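Visitor: Need a 3D model of the following:
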Amino acid sequence: MQEKVEGSVQKPSGPTSAEGDTFKRDFRFWMIFVSLCSCTLLSALDLGGIGTAAPTIVHALHGGDFSWVAAAYALSSSACIPLSGNLAQLFGRRPIIMGGIVFFAVGSAVCGSAPFFAVLVAGRAIQGVGAGAIQALSSIIITDLVPLRERGLYAGMTGMLWTTGAAAGPFIAGGLAQKATWRWLFYLNLPLSGLAFFVVAIFLRLKRPEGEIREKLSKIDWMPSGNVLIIASTCSCILALTWGGMSGLCATLVYEALWAVNPMIPFVVLSNRTTVAGFIATFVQGMMTLAMGFYLPTWFQSVKGASPILSGLYLLPLSASVSPFAIVQGMIIARTGHYRTVNFVGWILLLLGTGLLITLNAHTSIGLVVLYQLLMGVGFGLLYSTTFAVLAPLPLSVNGPAVAFLTFFRQFSQAWGVAIGGTILQNALKTRIPSSIIIEDHLSSADQLAYAIIPLIPAMPHPLKGQVQDAFLQSLRHVWIAFEICGGVGMATFFVMKTYPLKKNVDGKWGIDRERKAKS
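Guide: Purely as a prediction, here's the structure:
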């Protein structure tokens, strides 16, 4: 395996080619960056708050397994990310990200007005389609504009905004759930979506491929296609976590390799062991990130008896510590060019923090839980360095598809994290919840236990209350153990990666359109 990528460490003195333009930080660049940040904030506020408001929403809608509200979002977003990347290669970046904002707004309106649980899940799925396009295109556009060597800093800056939204989300959600109505958690997305759409429409002026719409549409494989297969198989995986879903993903890879005319994933993306290790590490990191943000509020509310607002406050150390260290890792890598060391330290801290969660009991002080979250948050932040392992061995020309596939992996893994954690929690609770507990008939099925019971705990008589809290404590311990094992798999990828030089130029095919005005 070749250790260097030709031309990747040469610093160009001016525009070179479509494979190596220089990086310019002018006014237009910063305006584009601001437009991407507005989209990032839109997604973060919503995703950050949903876990905190979960018990209140389930109680209000007499719902089922609430993990599906998070899983439907992550599922639809991950399923549509490859298609979003494919469309962006043909039609340009701007129309696809604007379409994503529209989908997100429509889904938010459906969620806010949902009369019953199934409509809420459907609305979250629509939101997820929009969020998938937003996240994929935001990552791709930063890849277009910023060379790999410096990309960590800008990814960290967008991550800081993400953390701000994710940290504010639980407070907003908890306050609305406890003091007003949870529906405003979704209605607030409507003016924010309008603002993001306006900023993108004004400032996001990028190069786009030439050609007629009919010609571009003809280049997409529709039916049967990799796009159809990957959407269907992704849904199958999360719906059942069974062999059927994995068969679908295998079918997608076979189709893409043998028959796709314009494959979503050029197989050079999967031809290098460091890149593949980076994808696996990203999958594990994404799975653990959303799972911790989702199940720690469950622990606070069920075991510690925290209110939705207080559980949002308790989660702040985790959400607020990720982005500063994402920026730190970007600065370190921009200065040194070494990503493996940062990756190693990130896994060590994440494994330590997750492992310490296993020791939690009803008497553990909040101070210790804060410390454990800080360890995990710093680890998550440093593990943004997995992006470098994915892209460093690859030519600039496949950066867009590679980033789209990377974003798909991250989103798909989040759906798995919530689904696996929910399955473990529900199954463990079924054997631990006292048989004497009485729940309303519409909340009594086994797969609805967790979030149906949490709002009832404060009113339970003390012997029963303690037994239920202990059942949650022991059941969530199984969740922590499962993700500690997953973290061990992620750690193993470090030993597979090689160090590659980081490129200092960008692909001139994309980027800011300095030649002509983009049409509205």
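
Visitor: Every contact and neighbour count from this point should use C-alpha atoms.
Guide: Noted.

Visitor: Centre of the chain to the helix or strand in which F197 is found, how far?
Guide: Using DSSP states H and E, F197 falls within helix 189-203. Offset of helix 189-203 from its chain centre (CA atoms, centre = their mean, to the nearest Å): 21 Å.

Visitor: Render the CA-only coordinates of that helix in PDB, please.
Guide: What follows is helix 189-203, C-alpha atoms only, in PDB (Å, rounded to 0.1, in the frame of the first residue of the first chain):
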ATOM      1  CA  ASN A 189     -38.300  25.200  13.600                       C
ATOM      2  CA  LEU A 190     -40.600  27.000  11.200                       C
ATOM      3  CA  PRO A 191     -39.200  30.600  11.600                       C
ATOM      4  CA  LEU A 192     -35.700  29.100  11.900                       C
ATOM      5  CA  SER A 193     -36.200  27.200   8.700                       C
ATOM      6  CA  GLY A 194     -37.400  30.400   7.000                       C
ATOM      7  CA  LEU A 195     -34.300  32.300   8.200                       C
ATOM      8  CA  ALA A 196     -31.900  29.500   7.000                       C
ATOM      9  CA  PHE A 197     -33.600  29.300   3.600                       C
ATOM     10  CA  PHE A 198     -33.300  33.100   3.200                       C
ATOM     11  CA  VAL A 199     -29.600  33.100   4.200                       C
ATOM     12  CA  VAL A 200     -28.800  30.200   1.800                       C
ATOM     13  CA  ALA A 201     -30.700  31.800  -1.000                       C
ATOM     14  CA  ILE A 202     -28.800  35.000  -0.700                       C
ATOM     15  CA  PHE A 203     -25.200  33.900   0.000                       C
END
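
Visitor: List the buried residues for it?
Guide: By neighbour count with 16 or more other CA atoms under 10 Å, helix 189-203 contains the buried residues 189-190, 192-193, 195-197, 199-201, 203.

Visitor: Over that helix, what's the mean pLDDT, rounded is fine.
Guide: Averaged over helix 189-203, pLDDT sits at 85.

Visitor: quick one: the helices in the stretch 251-400 of the chain?
Guide: Using DSSP state H, counting those that start in this stretch, the helices of the stretch 251-400 of the chain run over residues 273-302, 308-314, 316-336, 340-357, 366-382, 386-391, 399-430.

Visitor: again with the stretch 401-520 of the chain
Guide: Secondary structure of the stretch 401-520 of the chain, counting by DSSP H, counting those that start in this stretch: helices at 449-453, 462-492.

Visitor: Least confident secondary structure element in the chain?
Guide: helix 243-258 (a mean of 51; mean pLDDT, DSSP states H and E).

Visitor: For A459, the count of nearby residues, please.
Guide: Other residues near A459 number 8, with proximity taken as other CA atoms under 10 Å.

Visitor: just to revisit the earlier point, any chance of CSV for the helices of the stretch 401-520 of the chain, columns mean neighbour count and mean pLDDT?
Guide: Shown next, in CSV, are these (neighbours: other CA atoms under 10 Å; pLDDT from 0 to 100):
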stretch, mean neighbour count, mean pLDDT
helix 449-453, 24, 71
helix 462-492, 19, 93
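
Visitor: These: which one's closest to G355?
Guide: Among the helices of the stretch 401-520 of the chain, the nearest to G355 by CA to CA is helix 462-492 (6.1 Å).

Visitor: Quick one: list the elements packing against that closest one.
Guide: helix 273-302, helix 340-357, helix 399-430 (3 or more CA pairs under 8 Å, 6 or more residues apart in numbering; DSSP states H and E).

Visitor: The longest one to helix 273-302, inter-axis angle?
Guide: This points to helix 399-430. Angle, helix 399-430 to helix 273-302, by axes from the mean of the first three to the mean of the last three CA atoms, to 10 degrees: 40 degrees.

Visitor: before we move on, the earlier item: export the helices of the stretch 401-520 of the chain as a markdown table, with columns for distance to I101.
Guide: What follows is those, written out as a markdown table (distance: least, CA to CA, whole Å):
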| stretch | distance to I101 |
| --- | --- |
| helix 449-453 | 30 |
| helix 462-492 | 32 |
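
Visitor: Of all those, which one comes closest to M288?
Guide: Closest to M288 of these is helix 462-492 (CA to CA; 6.5 Å).

Visitor: Tell me how the chain divides into domains.
Guide: What automatic domain parsing lists as the domains of the chain is 27-220+262-495, 221-261.

Visitor: most tightly surrounded among those domains?
Guide: Each of the domains of the chain was scored by mean neighbour count; the highest is domain 27-220+262-495, a mean of 21, by mean count of other CA atoms under 10 Å.

Visitor: Could you tell me the end-to-end distance of it?
Guide: Domain 27-220+262-495 has an end-to-end distance of 42 Å (CA to CA, to the nearest Å).

Visitor: what's the answer for stretch 379-392, then?
Guide: Calculated as CA to CA, the first-to-last residue distance of stretch 379-392 is 21 Å.

Visitor: now the domains of the chain in a markdown table, with distance to K503?
Guide: Below are the domains of the chain laid out as a markdown table (distance: least, CA to CA, whole Å):
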| stretch | distance to K503 |
| --- | --- |
| domain 27-220+262-495 | 5 |
| domain 221-261 | 28 |
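
Visitor: Of the ones you listed, which shows the lowest average pLDDT?
Guide: domain 221-261 (a mean of 51).

Visitor: returning to what we had before: kindly reformat the helices of the stretch 251-400 of the chain as TSV and extend each row with distance to Q89.
Guide: Rendered in TSV, the data for these read as follows (distance: least, CA to CA, whole Å):
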stretch	distance to Q89
helix 273-302	21
helix 308-314	39
helix 316-336	27
helix 340-357	30
helix 366-382	29
helix 386-391	18
helix 399-430	8
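
Visitor: between those helices, which one is nearest to G99?
Guide: Comparing the helices of the stretch 251-400 of the chain by CA to CA, helix 399-430 comes nearest, at 16.4 Å.

Visitor: Distance-wise, check V479 relative to W299.
Guide: In terms of CA to CA, V479 sits 11 Å off from W299.

Visitor: Out of the helices of the stretch 401-520 of the chain, which gets nearest to R28?
Guide: Using CA to CA, the helices of the stretch 401-520 of the chain put helix 462-492 closest to R28, at 38.3 Å.

Visitor: which ones are touching the residue nearest the centre of the chain?
Guide: In the chain, the centroid-proximal residue (CA atoms, centre = their mean) is Q411; its distance is 4.5 Å. Contacts here follow CA atoms under 8 Å, 6 or more residues apart in numbering; on that basis Q411 touches 74-75, 77-78, 132, 286.

Visitor: How about I96?
Guide: I96 touches 84, 87-88, 133, 137, counting by CA under 8 Å, 6+ apart.

Visitor: Assign a three-state SS to it, would you?
Guide: Under the three-state scheme (DSSP: H, G, I helix; E, B strand; the rest coil), I96 adopts helix.

Visitor: how near is it to L87?
Guide: Distance check for I96 against L87: by CA to CA, it reads 7 Å.

Visitor: repeat for A326
Guide: 29 Å.

Visitor: Roughly how far does L190 sit from A105?
Guide: L190 is 6 Å from A105, by CA to CA.

Visitor: How about the contacts made by the closest residue to F325 other than its chain neighbours?
Guide: Distances taken as CA to CA, 6 or more residues apart in numbering put G381 closest to F325, at 4.8 Å, once the chain neighbours are dropped. Residues in contact with G381, defined by CA under 8 Å, 6+ apart, are 321-327, 329, 346.
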